[in-house]
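>>> structure, please.
(chains A and B)
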Amino acid sequence: MRKTILKGLAAGLMTATLPLAGAQAAVTVLGWPGGPEETALRAVVEIYNGQEGLAEEDRVEVLFFARDGFWDKLQADLAAGTQAFDLNLIATYSIGRYAPFMEPVTLADEAEAVYGESVLSTMQFEGNQYGVPTDLSLHFMYFREDLIDGLLSDPAAAETYGDISEEYLGERLEPKAPDEWTWDDYAATALYFTQAVNPDSPTRYGTVLQMQNLLFNMMVWQSTARSYGGNWMDDEGNITVDSEAYRRGLELYKMLYDAGATPADSTSYEFPEANAAFVSGQVATMLQWNGAAGELTNPETAPAVADTVAIVAPPAGDEGRSTHIHGLGLGLNQNAPNKDGALAFLQWLSTEDAALAYAANSGAPALTPEVVAAIAEDRPDLVQLGEFASQYGYVMNGATGANALSVYELQAQHFTGYWTGQETLDEALAAVASGMEELLSE
Amino acid sequence: MDRKRHLEWGVLSAPMVIFLLLFLGFPALVNIVYSLSSVSFQTLRAPELSGFSNYVSVLTDGDFWRAIWFSLRFGVITALAECLVGFFLAIFLAPLFEKRSWLLAIIMLPLMVAPALVGLMYRLVLHEFVGPVPHYLWAWFGSAPAFLNVANAFWTLVVVETLQWTPFAFLLFYMAHRAIPLEVREAAQMDGSTGWDMLWRIEIPLMAPTIAIALFIRFIDGFRVFDNVYVLTGSGPGGSTRSLSIYVYEAFFRQGEIGPAVAASVLLFIASFGVLFFINQGLARRAR
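Purely as a prediction, here's the structure:
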């Protein structure tokens, strides 16, 4: 009797779990949760799974965990030899850290024609390709076209603008079109549109800076230093952050913060807080990730400003314009339970059709001009993305190393310390330089 | 007979001993080994012993001592604030709760929310452009303080923590207050004790053990604060709101300095154990 009951229970259990097992995908992709990347990944996975003749065990399913601390959790999982996913997210700045737990991959033959060599290289480490570049991130200078047009067409406003620039920057400047801005022009414009500086300003703040003690904010800021010629280290491996270029970039932010050109709470701002400030209609300019373009130009998500938002490349320093670039992509877990299925998906994902589908569903792949032409009308920001990346994109020396994330963390702590008056500029730069010596020599 | 009792004691306590060894002893041992090793994520399974260098590195790190100072200040101030507010709520609102017990459920609501969510919530609530608090301050006064800038972040965090955990202290005090026997109060009243006199001479002394426990628990929780501080300020600006827990987390995951991070957590464990030991001694002495 007891045996019969046990058999019955076992049979019932098997029957109950069979449909689940059948439906369970054999290739699991750990993606970047939230935002356009998740939307795009879900869409292409659906297309992939809809292909005729795809073996059941090669179907793909997606897995997400929280965005906060994503890289930390991924690191712990990979180091522990997880088999919970076959493919996982990687980024240019973290490949070095994760490469020991991943395997190089081979992409589709057409991948180079779709992305171009420089974009593919954002997923390379020590000469090996570690993933498909799904999204490219860089920075746009967003501004309120209506406000800037008003400034440019008003002689009295130009006079005030000149007075403000003379007082804060030591040089009398005239208003310019944003596409011609240097960092001084940007700063003067930000000050002009700040009510604390110019009580007649139509906006409360001229800009919104992201100054939270966070590594991604360093990526946003460092293009100022880069455009003045700054770098993490020179070709011989000497740390070069204690330079005039870094000082000018850091001082620019401090001056704007101290003058009240950005909200006083900017020291707790990152991507979403800065966007929230900008869409309120109380901010005139913002240097922000390209990923914000959709939100800021959409009348549903930014009703107060969407129609007036325009985009140019970041302002120029002495050595022209610069924008930090890094790629997000998908790579192969060394302990993937289904490597063949995972590689097949990666190969498909690196084809032109898949890349265009990814782009059409909110993704931000950096495509070659020939490929992006197919969706230029729907996604003009992707055209700018490609242009800016090729003309102004840079990666700091050492920024793909195993400790790149730690370097950004170190900079974030000390540079936000300087901006908020807890450290002097000399102290902050000295602490960062000595910390980087240690981190980048490992 | 003694032998039998020893055997019984051994058999009965074995599950607990095995549990402690497995779930506390083993991780503690692993942590001690890591704290004495040169270890990275790549060598987690084969750490190389390196003596006390991790401890030296931690104890000579200015950031570690700044984190200790933040945690101590935060723990003491929030524990005092929570207990003070909780105590007065428990005493002065007690008659109200006796009539409307559903108010108790409302007052306990903050305890139901995860601290990380509380942090996220206040990030929105205090944001100058989307938060209701700055919105009304701007509307009424034409400006609002920057709640999370370097000048105000510490006190904002204290208020957020206090708002979330005061209900915990309140609950302990409310129950302790209710547990005071009616006869004691009546006897005191017969002797002419009323109002403040009753509070100072009768109720507070009788609630003293609960007050001590509440202060201790809230101090420990405040001292090891992580979630809402990390979500609200990311330990900044410039590391000014880095608690000891955040220091350990950042060293471990962000900087990949596993040895020093574990050494710091071992030091934290020793310090906590020391405090617990002395408090336990004190309570035992009081009981005797």
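>>> surely A:Trp419 meets A:Glu251?
No - taking contacts as Cβ atoms under 8 Å, A:Trp419 lies outside contact range of A:Glu251: 9.8 Å. All C-beta spots, glycine's among them, are computed from the backbone N, C-alpha and C.
>>> of these two, who's got more company?
Using other Cβ atoms under 10 Å in any protein chain shown as the criterion, A:Trp419 and A:Glu251 rank with A:Trp419 on top: 28 against 14.
>>> need the contact list for that one.
If you count contacts by Cβ atoms under 8 Å, 6 or more residues apart in numbering or on different chains, A:Trp419 has them with A:211, A:250, A:253-254, A:257, A:267, B:237-238.
>>> and which of the residues you listed is nearest to A:Val432?
Within the contacts of A:Trp419, proximity to A:Val432 (Cβ to Cβ) peaks at A:Leu250, which comes in at 10.2 Å.
>>> that closest one touches A:Ala428, doesn't it?
Yes - between A:Leu250 and A:Ala428 there is a contact under Cβ under 8 Å: 7.4 Å.
>>> just the buried members of the contacts of A:Trp419?
For the contacts of A:Trp419, burial is judged from neighbour counts taken by 16 or more other Cβ atoms under 10 Å in any protein chain shown, and it is met by A:211, A:250, A:253-254, A:257, A:267, B:237-238.
>>> switch those residues over to JSON lines; also include distance to A:Gly116 and pLDDT.
Shown next, in JSON lines, are the buried ones among the contacts of A:Trp419 (distance: Cβ to Cβ, whole Å; pLDDT from 0 to 100):
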{"residue": "A:Met211", "distance to A:Gly116": "34", "pLDDT": "95"}
{"residue": "A:Leu250", "distance to A:Gly116": "33", "pLDDT": "98"}
{"residue": "A:Tyr253", "distance to A:Gly116": "33", "pLDDT": "98"}
{"residue": "A:Lys254", "distance to A:Gly116": "38", "pLDDT": "98"}
{"residue": "A:Tyr257", "distance to A:Gly116": "38", "pLDDT": "97"}
{"residue": "A:Thr267", "distance to A:Gly116": "38", "pLDDT": "92"}
{"residue": "B:Pro237", "distance to A:Gly116": "39", "pLDDT": "86"}
{"residue": "B:Gly238", "distance to A:Gly116": "39", "pLDDT": "85"}
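>>> which ones among those residues lie within helices?
Per DSSP state H, helices hold the following members of the buried ones among the contacts of A:Trp419: A:250, A:253-254, A:257.
>>> ends of stretch A:131-141, how far apart?
29 Å (Cα to Cα, to the nearest Å).
>>> so how far is it from its chain's centroid?
Using Cα atoms, centre = their mean, to the nearest Å, the distance from the centre of stretch A:131-141 to the centre of the chain it belongs to is 6 Å.
>>> how about that stretch, which residues are buried there?
Buried residues in stretch A:131-141 (16+ other Cβ under 10 Å): A:131-141.
>>> next one: stretch A:149-165
Residues A:151, A:157-158, A:160-162, A:164-165 are the ones in stretch A:149-165 that count as buried (16+ other Cβ under 10 Å).
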